[in-house]
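Chemist: Got a predicted structure plus its sequence, pasted below:
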Amino acid sequence: VHLEGQLREALQHDGLALHYQPVVGVDGAVLTAEALVRWPHPDRGLLPPDVFLPVAEQGDLMRELDRWVLRTALKEAATWPAPDGRPVSVAVNLAGLVPGDPEFVDIVSTAIMESGVPWERVVLELVETAFVDLPSRVRQSMDELVKRGVQFAVDDFGTGYSSLARLKDLPAQIIKVDRRFVSGVGNDSSDFAVARAVVDMARAMGRKCVAEGVETATQFHVLRGVGVDAYQGWLFSRPVPPKEFRAVLALGP
Ligand code: G
Ligand code: G
Ligand code: MN
Ligand code: NA
């Protein structure tokens with residue numbers, strides 16, 4: 001209850017922080033940065049999301065937290081340098097503010113327009129289950145944003161209930177293969193098979209494919225051979241504070 005009150009307070013006074021993890025292309029150039037929330041707690045140091053997201057959940061604060069992250073990430077992204085004139089996109093995780101929300105399109109659109117970030121540079125990450133059994137009203141609101149240029153990504157693909165066949169029904173332009181399937185790619189043939197199947201399917205359906213949790217050069221090379229479009233993981237960079245991320249951009253590939 002104490003932590004919940006402090007979190008509520010932090011949300012009202014910009015007391016949270018965002019770190020950014022680059023998503024890179026086959027040539028190593030940064031394409032996108034995923035915003036990952038942290039809480040610089042006055043007594044407990046920098047708290048990771050697995051400590052306070054459950055508190056937010058419990059306190060019915062997830063929607064407010066997502067709004068804060070969306071607004072803050074867009075505001076920061078508007079100031080990023082464009083390496084080689086190629087501007088970097090920003091990806092935000094949404095768990096409490098979801099497409100079924102009657103204010104979804106309005107909140108997202110307003111945040112984007114206020115930031116000045118072009119629609120095409122905004123990626124919204126939702127877990128698989130958030131895409132399943134969408135009423136047509138909800139699909140329409142997602143389509144509205146997609147028409148303006150926003151991209152939806154299925155986060156942690158493979159951990160939910162969707163089968164590969166269902167991929168074609170998901171209104172998402174990007175598939176993020178969960179790191180669980182990436183970790184064994186160099187040495188576990190079944191992980192390799194899953195990764196390859198997802199990539200083939202994603203390609204056949206015109207979706208982009210991102211591999212999460214890439215930690216080794218072997219994983220990178222194997223996945224590149226399979227045709228993964230983009231890569232995210234400790235091999236390239238951990239999630240870093242805004243200043244450090246800007247330095248990564250300034251440096252180029
Ligand atoms: O880096 P990491 O420890 O940041 O993230 C742990 C978990 O917390 C991941 O499942 C991630 O999706 C989730 N998470 C991180 N940042 C955010 C955020 O800004 N919003 C939401 N809804 N989830 C987040
Ligand atoms: O659930 P989501 O994919 O949004 O959250 C990303 C999570 O994965 C964060 O906790 C982030 O810190 C973590 N992460 C990012 N890169 C790597 C990696 O290479 N290895 C591992 N083990 N975790 C990673
Ligand atoms: Mn994510
Ligand atoms: Na993920």
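Modeler: Now that the structure is in, tell me what you want to look at. Ligands and ions are numbered 1, 2, ... in the order given.
Chemist: drop to CA atoms for contacts and neighbour counts, all remaining ones
Modeler: Noted.
Chemist: low-scoring stretches of this protein, by residue?
Modeler: Within the chain, the ranges that satisfy pLDDT under 70 run 1, 161-162, 252-253.
Chemist: The longest strand seen in the chain vs ligand 1: in contact?
Modeler: For the chain, the strand with the greatest residue count under DSSP state E is strand 30-41. Yes: applying CA under 6 Å from any ligand atom, one finds strand 30-41 in contact with ligand 1 at 36-37.
Chemist: then that strand to CSV, C-alphas only?
Modeler: Taking Å, rounded to 0.1, in the frame of the first residue of the first chain, the C-alpha atoms of strand 30-41 are listed here in CSV:
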residue,chain,number,x,y,z
VAL,A,30,19.6,1.5,-35.1
LEU,A,31,16.1,1.4,-36.5
THR,A,32,14.0,1.7,-33.4
ALA,A,33,14.3,2.2,-29.6
GLU,A,34,12.1,0.4,-27.2
ALA,A,35,11.2,2.4,-24.1
LEU,A,36,11.5,0.4,-20.9
VAL,A,37,10.3,2.0,-17.7
ARG,A,38,12.3,2.2,-14.4
TRP,A,39,11.5,3.8,-11.1
PRO,A,40,14.3,5.8,-9.4
HIS,A,41,13.0,5.2,-5.9
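Chemist: what residues does it touch?
Modeler: Strand 30-41 has contacts (CA atoms under 8 Å, 6 or more residues apart in numbering) with 15-25, 46-49, 52, 69, 73, 87-93, 239, 249, 252-253.
Chemist: any idea how far residue 104 is from ligand 2?
Modeler: To ligand 2, residue 104 is 20 Å away according to CA to the nearest ligand atom, to the nearest Å.
Chemist: Please tell me I have it right and that residue contacts residue 98.
Modeler: Yes: at 6.6 Å, residue 104 counts as touching residue 98 under the criterion of CA atoms under 8 Å.
Chemist: Show me what counts as buried in the longest strand of the chain.
Modeler: 30-40 (16 or more other CA atoms under 10 Å).
Chemist: closest to residue 200 among those residues?
Modeler: residue 31 (21.4 Å; CA to CA).
Chemist: Of the buried residues of strand 30-41, which is the nearest to ligand 2?
Modeler: residue 36 (7.1 Å; CA to the nearest ligand atom).
Chemist: Leaving out chain neighbours, which residue sits closest to the residue of the stretch 101-250 of the chain found nearest ligand 4?
Modeler: Going by CA to the ion, ligand 4 is nearest to residue 156 of the stretch 101-250 of the chain, at 4.1 Å. Excluding the flanking residues, the one nearest residue 156 by CA to CA, 6 or more residues apart in numbering is residue 178, at 4.1 Å.
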